[in-house]
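Peer 1: Fold the following, please.
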Amino acid sequence: MQGGSAVVLNVNDNDASRYVVSRMLERAGFAVLEASSGQQALDLARASLPSVVVLDIKLPDIDGLQVCRRLKADPKTQSIKVLHTSAVYVSPEYKVQSLECGADGYLGHPFEQEELVATLRSLLRLSEAERSLRAQAEELKAANRRTNEFLAMLAHELRNPLAAIVTSLPLLERSAAVDSLEKTARELIRRQTTHLRRLVDDLLDAARVTQGKIDLRWETIDLNELVRRVAANAERTKMQPRNQALRLSLPATRMIVRADPMRLDQVLTNLLDNASKYSNSGDIIDFTLALTRNPQTGADMAHIVVRDRGIGMAPQTLPTIFDLFSQADVPLARSRGGLGIGLTLVRTLVELHGGATSARSEGIGKGSEFEITLPLATPDAHAATPADSPPRAAHVNARRRVLVVEDNRDAQEALQCLLELWGHEVIVADNGTAGCESAMGLRPDVALIDLGLPGMDGYEVAKRIRAALGAASPLLIALTGYGAPEQRAQALAAGFDLHIVKPVEPDRLSMLLEEYSATPPTSARQAASQEQAAAIEETATNLRSLA
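Peer 2: Residues are numbered from 1 along each chain as shown. Reported below is the predicted structural model:
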């Protein structure tokens, strides 16, 4: 069996020994390079990138151990296999030193040609396996990147038609339903659009989870209040329609934690939604918050348990229940819905809060129990609780001139109709160029601008409006399906005052217009900037981490 085209660098300062080893390698079919010193070996290795270096330990300048360390430390040469040889250092301690400094093999002189060639072929097989694994890893990284990009794009594309539907709902509800059938249809549309929006948000969050791009907005909160609020909402929206009951248990003491309340709300809502979804009509779901202690550190912890009596889980399901797109069961009918994303988000968000998650079930048909532990805040964190925000200005119903720059015709028309219903004057544009012209020529008070416009995108629109009008610019609001932190950072850097992800609730949009309509544009912009202070800090952190 021949060595093929593999190149071997033979390093030895003894001419006779080097000659003998080179002849062995050449007879086995290897291409051979030679070096008589450590520095010459390093230079040849970097220049020719051999497959293997047969490296004697005792060299006149740099010993073989140090040469090996340098080869393995250099990204250009670290994949080269190193076979140490020695006629002097043959005791076990030198073999250990050799392997610990990065060598892939060790032979003591004298050795036979067969032993040398067999060892080299073994190292070449290992090298080939490593190359294959690296290639597969690169393919997986590329596939993962494409998947994340697809999920983000899909979420954006789904948000456009969803925004049109959500915006149209108030238009349908201007008057009372004419009969029970119409009332049922309205309620169905509202429920299903809320559900669809949740699925879209989960899709985008899944992409953020896999990229490690979820960031938290920290506050000091009383967990009792958050749990009570989440329980009341879940009972009203999830349990009661399914004829289920929620049994809530809270401790008598306050449970102060440092957390992102919106993300903890998402965690607990996901768990209660799952418990309700996989339970039967008439079931009772237990939701418990208690004080416990970490057995290792002795620190006080918040202990949250959601227990249902529903379909349960098989033992083989439990180890993967928190994995992305994993579900306890996937029936053909898909009657219980979901994407298998929620529990992955639960685990990730809890871990970002310094906590832990676990799941238990006694088997199919015996219910499930999900447990969360979170560290309680230190006394210093209690003192650092920010003061309450100043009260907002009273809403003022004022007629404003609003520019809508949106290329999705349905979303544009729905938003125009809603704004006109509220009494505002509306100007529409379906591309960036027309949007700039309208902003500069008609001087609106507020501009709602989509980011994903054809030709000139929304970022460029904001930059041009801000450059042309300066302080006289309208209040610029990015109303978009792109909701990643880096996209929000880019929007704020381009000159937008607010960044709102579609579909925006009509009540929230009305509140924004009313709050900022009673103030001059400069004051409104300052108010908007204050509202976005936390977002700016978060996105600056993201940009620093991406740099």
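Peer 1: that's a strand at residue 503, yeah?
Peer 2: No - assigned with DSSP: H, G, I helix; E, B strand; the rest coil, residue 503 falls outside any strand and is coil.
Peer 1: the longest strand in this structure is where?
Peer 2: Across the chain, the longest stretch assigned as strand under DSSP state E is strand 284-293.
Peer 1: Which parts of that one count as buried, going by neighbours?
Peer 2: For strand 284-293, burial by neighbour count (16 or more other Cβ atoms under 10 Å) applies to 285, 286, 287, 288, 289. Quick note: C-beta positions are derived from backbone N, CA and C, even for glycine.
Peer 1: mind giving me the domain split of the chain?
Peer 2: Here the domain parsing of the chain from automatic domain parsing is 7-111, 144-211, 219-383, 401-546.
Peer 1: Which of these sits closest to residue 131?
Peer 2: Residue 131 lies closest to domain 7-111 among the domains of the chain, at 7.7 Å (Cβ to Cβ).
Peer 1: mind checking the end-to-end distance for the closest one?
Peer 2: Using Cα to Cα, to the nearest Å, the end-to-end distance of domain 7-111 comes to 20 Å.
Peer 1: swap in stretch 494-509?
Peer 2: For stretch 494-509, the separation between the terminal residues is 21 Å (Cα to Cα).
Peer 1: Tell me how far it lies from the chain's centre.
Peer 2: 22 Å (Cα atoms, centre = their mean, to the nearest Å).
Peer 1: Give me the buried positions along stretch 467-482.
Peer 2: Across stretch 467-482, burial judged by 16+ other Cβ under 10 Å covers 473, 474, 475, 476, 477, 478, 479, 480, 481, 482.
Peer 1: The fourth one falls within a helix, correct?
Peer 2: No - looking at residue 476 with three-state DSSP, it is strand, so not inside a helix.
Peer 1: Who does it form a beta bridge with?
Peer 2: Assessed by DSSP bridges, residue 476 has beta-bridge partners residue 447.
Peer 1: who's in contact with it?
Peer 2: Contacts for residue 476 (Cβ atoms under 8 Å, 6 or more residues apart in numbering) come out as 447, 449, 462, 465, 466, 495, 496, 497, 498.
Peer 1: now the strands for the stretch 101-250 of the chain?
Peer 2: Taking DSSP state E, counting those that start in this stretch to define them, one finds strands in the stretch 101-250 of the chain at 105-108, 219-222, 245-249.
Peer 1: What residues sit buried inside the last one?
Peer 2: Going back to what we said before, that points to strand 245-249. Residues of strand 245-249 classed as buried by neighbour count (16+ other Cβ under 10 Å): 246, 248.
Peer 1: quick check: angle from it to strand 284-293?
Peer 2: Relative orientation of strand 245-249 and strand 284-293, computed by axes from the mean of the first three to the mean of the last three Cα atoms, to 10 degrees: 20 degrees.
Peer 1: which helices and strands sit right next to strand 245-249?
Peer 2: If you count contacts as 3 or more Cβ pairs under 8 Å, 6 or more residues apart in numbering; DSSP states H and E, strand 245-249 packs onto helix 223-234, strand 284-293.
Peer 1: from what I can see residue 260 touches residue 220, true?
Peer 2: No - using Cβ atoms under 8 Å, residue 260 is not in contact with residue 220, being 11.3 Å away.
Peer 1: ok so, going back, among the buried residues of strand 284-293, which pair sits farthest apart?
Peer 2: 285 and 289 (14.1 Å).
Peer 1: Settle it for me: which of residue 260 and residue 220 has more neighbours?
Peer 2: residue 260 (19 against 16; other Cβ atoms under 10 Å).
Peer 1: Now do the same contact list for the more buried one.
Peer 2: Counting by Cβ under 8 Å, 6+ apart, residue 260 touches 216, 217, 218, 219, 353.
Peer 1: how many neighbours does the first one have?
Peer 2: By the criterion of other Cβ under 10 Å, residue 216 has 16 neighbours.
Peer 1: Would you state the predicted confidence (pLDDT) at the residue lying closest to it once chain neighbours are set aside?
Peer 2: Sequence neighbours aside, residue 260 is the residue nearest to residue 216 in space, at 3.9 Å (criterion: Cβ to Cβ, 6 or more residues apart in numbering). For residue 260, the pLDDT comes out at 88.
Peer 1: where's residue 260 relative to residue 217, distance?
Peer 2: 5 Å (Cβ to Cβ, to the nearest Å).
Peer 1: and the domains of the chain, which one is worst for confidence?
Peer 2: In terms of mean pLDDT, the lowest-scoring of those is domain 144-211 (a mean of 77).
Peer 1: where's it relative to the chain centroid, distance-wise?
Peer 2: For domain 144-211, the distance to the chain centre is 21 Å (Cα atoms, centre = their mean).
Peer 1: what's the distance between the residue nearest to residue 216 and residue 291?
Peer 2: Counting by Cβ to Cβ, the gap from residue 260 to residue 291 is 21 Å.
Peer 1: cool, residue 427 as well?
Peer 2: Residue 427 sits 57 Å away from residue 291, going by Cβ to Cβ.
Peer 1: Equivalent analysis for residue 152, please.
Peer 2: From residue 152 to residue 291 the distance is 40 Å (Cβ to Cβ).
Peer 1: so residue 436 sits in a helix?
Peer 2: Yes - counting by three-state DSSP, residue 436 is found in a helix.
Peer 1: My guess is it contacts residue 455. True?
Peer 2: No - with contact defined as Cβ under 8 Å, residue 436 does not reach residue 455; the gap is 10.9 Å.
Peer 1: what about those two, which has more around it?
Peer 2: Ranked by neighbour count (other Cβ under 10 Å), residue 436 and residue 455 place residue 436 first, with 21 against 10.
Peer 1: Work out for me the element the residue nearest to the more buried one when sequence neighbours are not counted sits within.
Peer 2: Excluding the flanking residues, the one nearest residue 436 by Cβ to Cβ, 6+ apart is residue 464, at 5.1 Å. For residue 464, the host element (DSSP states H and E) is helix 458-469.
Peer 1: And that helix, what does it pack against?
Peer 2: For helix 458-469, the packing partners by 3+ Cβ pairs under 8 Å, 6+ apart come out as helix 432-442, strand 446-449, strand 475-480, helix 485-494.
Peer 1: so the third one versus helix 458-469, what angle?
Peer 2: For strand 475-480 and helix 458-469, the angle between their directions (the same axes, to 10 degrees) works out to 170 degrees.
Peer 1: sorry, back to before: output the buried residues of strand 284-293 in CSV; the columns should cover distance to residue 348.
Peer 2: Shown next, in CSV, are these (distance: Cβ to Cβ, whole Å):
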residue, distance to residue 348
285, 23
286, 25
287, 21
288, 23
289, 21
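Peer 1: Closest one of the residues you listed to residue 298?
Peer 2: residue 289 (20.3 Å).
Peer 1: May I ask which of the contacts of residue 260 has the most neighbours?
Peer 2: Among these, the one with the most neighbours (other Cβ under 10 Å) is residue 353, at 22 neighbours.
Peer 1: ok, now which ones touch it?
Peer 2: For residue 353, the contact set (Cβ under 8 Å, 6+ apart) comprises 216, 257, 259, 260, 263, 264, 374, 375.
Peer 1: measure it to residue 59 for me?
Peer 2: Using Cβ to Cβ, residue 353 is found at 54 Å from residue 59.
Peer 1: ok, back up a step: angle of the helix holding residue 464 against helix 432-442?
Peer 2: Helix 458-469 and helix 432-442 meet at an angle of 30 degrees, taking the same axes, to 10 degrees as the criterion.
Peer 1: quick one: buried residues of helix 458-469?
Peer 2: The neighbour-count check on helix 458-469 (16+ other Cβ under 10 Å) flags 458, 459, 460, 461, 462, 463, 464, 465, 466 as buried.
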